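Colleague: When you get a sec, could you give me coordinates for this:
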Amino acid sequence: MGYQFNRFRLYLYYILCFLTGGALYLLARWFPKMWIWWIGNVCIMGKAEWVVVENQWGEIAIEYVNRKYYGGTISSVFSIDQLDDEDVACHKSYPDEILHYLHYFDHRYIRFICHPGIGKFLQNSFWRDPSWTSTRILKKGITRDVHNEREIIFGPNVIDIQEKSTLQLLTDEILHPFYIFQVFSIILWALDEYYYYAACIFIITATSVINTLIETKQTMRRLREMSKFVCDVRIFRNGLWRYVSSEELVPGDIFEISDPNLHVYPCDAVLLTGDCIVNESMLTGESVPVSKLPITDATLRMLDLTAANVRPEVSKHFLFCGTRIVRVRKAKSNGISDNNDDEGVALALVVRTGFNTTKGSLIRSMLFPKPNKFKFYRDSFRFIGVLALIAVIGFFISTINFIRMGVKYHIIIVRALDLITIVVPPALPTTMSIGTSFSLARLRKAQIFCISPARVNIGGKLNVMCFDKTGTLTEDGLDVLGVRCVDQPKNRFSNLHTSADTLSNINLNDPSVDIKSVRGSDFVSILYVMTTCHSLKLVNDELIGDPLDLKMFEFTKWLLEESGQSSSRPSTQPATSMIRSGSIIPTVVRPPGSEQFNLSDLLNNENTSYLELGIIRTFEFVSSLRRMSVLVKRLRSPTMEVYVKGAPEVMREICRPDTIPDDYDELLNYYTHHGFRVIACASKSFNNLNWVKAQKIKREQVEQDLQFLGIIIFENKLKTGTPPVIENLMRAKVRQIMCTGDNVLTAVSVSRECGLVNKNTKTYIPRFTEGSSVTPRAEIVWENLDDPKDLLNSKTLKPLTQRESNYSNEYPLLDAPKYDLAVTGDVFRWMVDFADETALFTMLIKGQIFARMSPDEKHELVEKLQLMGYCVGFCGDGANDCGALKAADVGLSLSEAEASVAAPFTSRTMDIGCVIEVIIEGRAALVTSFSCFKFMALYSIIQFTTVSLLYSFDSNLGNLQFLYIDLFLILPIAILMGRTEPYPRIYPKRPTASLVSLKVLTSLIGQVLIQSGFQYFVYFLIRKQPWYTPPNIDPDGNNIASYENTTLFLLSCYQYILIAAVFSVGPPYRKSMFSNVPFILSTIFLTFLTSFILFFPTSLMQQIFELVIIENYFKLWILFIATLDFIVSWLMEKYVFGRIAQCIGILVNGKVKVQKKLYKKVQSEL
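Modeller: Alright, predicted model coming up:
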């Protein structure tokens, strides 16, 4: 919303801030809605002085609107892509109107500009030039005037994080409510003459603030160094080539990527000419370099900058900011030249700059992470509020009591306020993070790195774990098992060829053999598919590319040569060699041992017979088509061949039916059922296709009426660590889901092999009988994988009776047997878009395998599971799982990098064993956080009880007594109790994450009553002793030394130690506290030290702690009471409180448990 300042209220606010000593300013800072209500008047956006931005998580930010002279047209600032449908017509009525001034604000490094006609602020990162339709037009670049206009709109092309000054960071830190409370406490203790303790807390707080400042500065500096990148680029502007700083780049600029000095892309761009190989591991975690090709006009029109992710069709041409250049090859001609430079260059178009780039959005996600909505953290603040309420009650009771005793008012105020600092201890937030710190340290030792510590505790609540398949559950590489070709006379598949040598009946390496003698009946065509139909590139004499393509090509033992020159090396070829570098035949493959193709032989028309295949054009793999193809010309051959490989399901549709062997379905089912990856191959010849026509032919013309050649079978071996981890998670009742881009049958087979799906459980697979994923009224049938006649009701996804099973939906259902669903990506898309809630929820509950899933669909699956109430983890290799890894509650990337922006957790051990580590550490950290919180809460209540009893006769604990309790007892115990290591096995039941659950509240309230009861008992017991004398109360003194003070101080010291032991939870989430040697030694030492003060106090100790001498037999009574206190507390915690909580739960909710989670409700209905 847009606001203007209410000047009168603004000046009144300043005056009140001064009069309240800054208290009003702090309130306005902590509760911005109050400030907005008081200061602002709502107005239209065009006249706003400042705006209030609220994101999807309810976070509020106030941004001031800037005004800058522009002078261009409205259409040059806003594009239709940025507008909602209802605003398009309004925008079109203002296209050429001059916009004299830009009204804009920057929120989290994204610029929003006010559209004067619509009256809305629009995000400029969605801007796209309407003229970006033809690559030929784009190559002309932009003029200086257009550049100047766009520089005003988009700002400099640099990801430069504004580093806060030390003073700003210090102000932000100390004005946090927690530190303000600590400052208040220190001032209060100083006024009450608790100088030692105030000084200690001040030193600890100052050290903490300084450490936080140093750490924040270092983190921001590292992030700034990582994000900021500036280099010189060669651009084509105003019809001339020139070098400029990359900061000056704007959308629409044309720059040369084949410049030898350019090693990293400084912006998001699309490739116009040439080709390149880039390393995108920094952004995606993909370790394999990716090949990029020039964009076509049709693909350029598909460019959508409003989408969260770049579409797969466009990504093959998209150059991401921050990615490293592995190799660039220049184009033959780019159509641009001037008098000084007419060489061929590789060109790219700038489409996004600065923080609008993909790298910029990743940096922003690190600077402004998704806020933590974990229940434990919400409850902890509520609980602190309850403690504060207890403190307020104690405040009023103490005040009334002090007034009744005639204590001076300044002492009353100080003492009463002191109760608040006792009940809400300033060290509480610090101690709650101790368990997480120890877990993080242990995870680092296990080579698991975390960039979001808050996620560790969330890991303890995971109940669904999604796994990618290839590279996560299975080995990264695929091995070629063999090839099955089509035996045309028999119209059946041949036997398995386990070597490429058996695919031809002639020696392809023999130069004397006429290649025309290679008959079509031979299986050599499938060999040509394997040697040419891939995206492999040769960099520094090493083949790089997709692991599947690499294994396939290595199986053939052929050689690959690329004729284009790398941009990092100067060209030394003779003029004739430029035929090749001009991309006529950029890549050539030939048999092993054969002589290298000599260009001069071809030019001299010598009668040579080399078997070399030149790849004329490549149609890259597209995930929606699930295939790729190449146009290939064999030297001296009059024809041009098309070779295609892809998923068997789609290849059948584009091949001639008469070429499909009779046993196609039988063989395909056999291999996919047994977990093998199958790739189908096909080919076709073109007789009258020259090089020029080949560059213009459409993909649809190439990939039709093909001759089916056969299948290549790959085996994808399970990682050795996968089955035991799956079994562990099964025993722990953590639901596991496979989420893969692979074939559904292969996914089911691998799932059964690793134990993710029970081999004896029915698995149903869907297929469309009518329509497709974009047809609202499509019909889907769900068939049992092992018995196609066994179907599910398509409306409810429950099994039909075997007798009556058919495509109808009106038959009675069986009792719910155990069954799983294996969902394909297209059916998932349809179910999300068009299915009713019942079917969608059932699919999400029963779906164990999600196959043929695109990266966006993986992301959406995670979000849908979270909406069902699941706490979702996702484990993948980071390549195309970025969205899912970031959306999951716990994203775990398997990567060699120490930390990845793709996921909160990164494991350098490349198997899923890290999932077990994260879960057991998460559960241990969560239980530790609970233990520490309960311990600190009990510590507060015990001390509150002690002080309240002493306040009843105007006494108190002494300064050094407080010091001994807080620094010598509480601090080491709170730190060391979090050191207990996690239990090695995962327990089926997850630990609670709610501090207000019946179990936790029963335990806390019960322990409060026990400890308070024992203190009251001792308090009245000491007063009944024959040698007891009442204290002499001095209204102006501290009145520390008394029998009550000594007795309560010593008993409470024992209580702090015993309560730490009682709350040190062991199995099933952590090891026994006896395994935590430092904690045991510290508790033993502190118990002996307290006992020494009790039985053998020296005169110095008596003086320091202001103790009085009590009879020896009563000292034994104190020790006996402390021992009895421990026994009662431990027995009640171990055996009684849990049962009481269960009984209360039954009384409150009845015998039937009310399910709050959506997935539990659906499960109960199923």
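Colleague: Give me the helix or strand of this protein that scores worst on average pLDDT.
Modeller: Lowest by mean pLDDT, DSSP states H and E among the helices and strands of the chain is helix 578-581, with a mean of 33.
Colleague: next structured bit after it?
Modeller: For helix 578-581, the following helix or strand on the C-terminal side (DSSP states H and E) is strand 587-590.
Colleague: Now do that following strand: which elements does it pack against?
Modeller: Strand 587-590 sits against strand 559-562, strand 613-622, with contacts defined as 3 or more CB pairs under 8 Å, 6 or more residues apart in numbering; DSSP states H and E. C-beta coordinates here come from the backbone N, C-alpha and C atoms, glycine included.
Colleague: any residues touching the helix or strand following the longest one, and which ones?
Modeller: By that I understand strand 613-622. Using DSSP H and E, the helix or strand that follows strand 613-622 in sequence is strand 627-634. Residues outside strand 627-634 that contact it (CB atoms under 8 Å, 6 or more residues apart in numbering): 515, 528, 532-535, 585, 611-622, 640-647, 650-651, 654, 686, 689, 694, 697, 699, 702-703.
Colleague: Stretch 1017-1028 too?
Modeller: Residues from elsewhere that reach stretch 1017-1028, judged by CB under 8 Å, 6+ apart: 949, 1043-1044, 1047-1048, 1051, 1110-1111, 1114, 1117-1118, 1121.
Colleague: Go through it and flag the buried ones.
Modeller: Residues of stretch 1017-1028 classed as buried by neighbour count (16 or more other CB atoms under 10 Å): 1018-1019, 1022, 1028.
Colleague: That one: end-to-end distance?
Modeller: Distance between the boundary residues of stretch 1017-1028 (CA to CA, to the nearest Å) amounts to 15 Å.
Colleague: Give the other helices and strands that the helix or strand containing residue 361 contacts.
Modeller: Assigned by DSSP H and E, residue 361 falls within helix 358-367. When contacts are defined as 3+ CB pairs under 8 Å, 6+ apart, helix 358-367 sits against helix 195-227, helix 281-284.
Colleague: go again using 6 Å as the cut-off
Modeller: Contact here means 3 or more CB pairs under 6 Å, 6 or more residues apart in numbering; DSSP states H and E; on that basis helix 358-367 packs against no helix or strand.
Colleague: As PDB, could you dump the C-alpha coordinates of it?
Modeller: Output in PDB follows, covering the C-alpha atoms of helix 358-367 (Å, rounded to 0.1, in the frame of the first residue of the first chain):
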ATOM      1  CA  THR A 358      19.500 -16.200 -11.800                       C
ATOM      2  CA  LYS A 359      22.600 -15.800  -9.800                       C
ATOM      3  CA  GLY A 360      21.200 -12.600  -8.300                       C
ATOM      4  CA  SER A 361      18.000 -14.400  -7.100                       C
ATOM      5  CA  LEU A 362      20.200 -17.100  -5.500                       C
ATOM      6  CA  ILE A 363      22.200 -14.500  -3.700                       C
ATOM      7  CA  ARG A 364      18.900 -12.800  -2.500                       C
ATOM      8  CA  SER A 365      17.600 -16.200  -1.300                       C
ATOM      9  CA  MET A 366      20.800 -16.500   0.900                       C
ATOM     10  CA  LEU A 367      20.400 -12.900   2.200                       C
END
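Colleague: how far does it sit from the chain's center?
Modeller: Mean-position distance between helix 358-367 and its chain equals 12 Å (CA atoms, centre = their mean, to the nearest Å).
Colleague: Next: stretch 409-417.
Modeller: In terms of CA atoms, centre = their mean, the centre of stretch 409-417 is set 50 Å apart from its chain centre.
Colleague: which parts of that stretch are buried?
Modeller: Buried positions in stretch 409-417, judged by neighbour count with 16+ other CB under 10 Å: 411-412, 414-417.
Colleague: do stretch 473-489 as well
Modeller: Here stretch 473-489 shows 473-475, 478, 480-486 as buried, counting by 16+ other CB under 10 Å.
Colleague: Which of the residues you listed sits closest to residue 236?
Modeller: Distances from residue 236 to the buried residues of stretch 473-489, taken as CB to CB, are shortest for residue 478 (43.3 Å).
Colleague: Point me to the helix or strand that includes the residue lying closest to the closest one once chain neighbours are set aside.
Modeller: Counting by CB to CB, 6 or more residues apart in numbering, residue 478 lies nearest to residue 714, which is 3.9 Å off, once chain neighbours are set aside. In this assignment (DSSP H and E), residue 714 forms part of strand 707-715.
Colleague: Give me the sheet partners of that strand and which way each runs.
Modeller: strand 479-487 (antiparallel), strand 676-686 (antiparallel) (DSSP bridges).
Colleague: Make a markdown table from those strands and add distance to residue 823 and mean pLDDT to it.
Modeller: Below are those laid out as a markdown table (distance: least, CB to CB, whole Å; pLDDT from 0 to 100):
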| stretch | distance to residue 823 | mean pLDDT |
| --- | --- | --- |
| strand 479-487 | 27 | 90 |
| strand 676-686 | 19 | 91 |
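Colleague: Turn these into CSV, including distance to residue 32.
Modeller: Formatted as CSV, the strands paired with strand 707-715 follow (distance: least, CB to CB, whole Å):
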stretch, distance to residue 32
strand 479-487, 60
strand 676-686, 55
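Colleague: Nearest approach to residue 1100 belongs to which of those?
Modeller: strand 479-487 (77.8 Å).
Colleague: so how far is that closest one off the chain centroid?
Modeller: On the basis of CA atoms, centre = their mean, strand 479-487 sits 40 Å off its chain's mean C-alpha point.
Colleague: Residues in contact with it: which ones?
Modeller: Residues from elsewhere that reach strand 479-487, judged by CB atoms under 6 Å, 6 or more residues apart in numbering: 493-494, 496-498, 523, 526, 551, 555, 661, 708, 710-715.
Colleague: Same question for stretch 355-364.
Modeller: Contacts for stretch 355-364 (CB under 6 Å, 6+ apart): 108-109, 125, 159, 227, 268, 320-322, 354, 901.
Colleague: and if you look at stretch 983-1002?
Modeller: By CB under 6 Å, 6+ apart, stretch 983-1002 touches 375-376, 379-380, 383, 460-461, 732-733, 919, 923, 926-927, 1067-1071, 1137, 1140-1141, 1144-1145.
Colleague: Just the CA atoms of it, as CSV, please.
Modeller: As requested, the backbone C-alpha atoms of stretch 983-1002 are provided in CSV (Å, rounded to 0.1, in the frame of the first residue of the first chain):
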residue,chain,number,x,y,z
TYR,A,983,21.4,-42.6,19.5
PRO,A,984,22.7,-44.7,16.6
ARG,A,985,19.4,-46.1,15.5
ILE,A,986,16.3,-44.2,14.4
TYR,A,987,13.3,-44.8,16.7
PRO,A,988,9.9,-45.2,14.8
LYS,A,989,8.2,-42.4,16.8
ARG,A,990,9.3,-38.9,16.2
PRO,A,991,10.1,-36.6,19.1
THR,A,992,7.5,-33.9,19.9
ALA,A,993,8.1,-30.4,18.5
SER,A,994,5.5,-28.7,20.6
LEU,A,995,6.4,-27.1,23.9
VAL,A,996,2.7,-26.8,24.7
SER,A,997,2.0,-30.5,24.2
LEU,A,998,0.4,-32.4,27.2
LYS,A,999,3.5,-34.5,27.7
VAL,A,1000,5.8,-31.5,28.0
LEU,A,1001,3.4,-29.3,30.0
THR,A,1002,2.7,-32.2,32.4
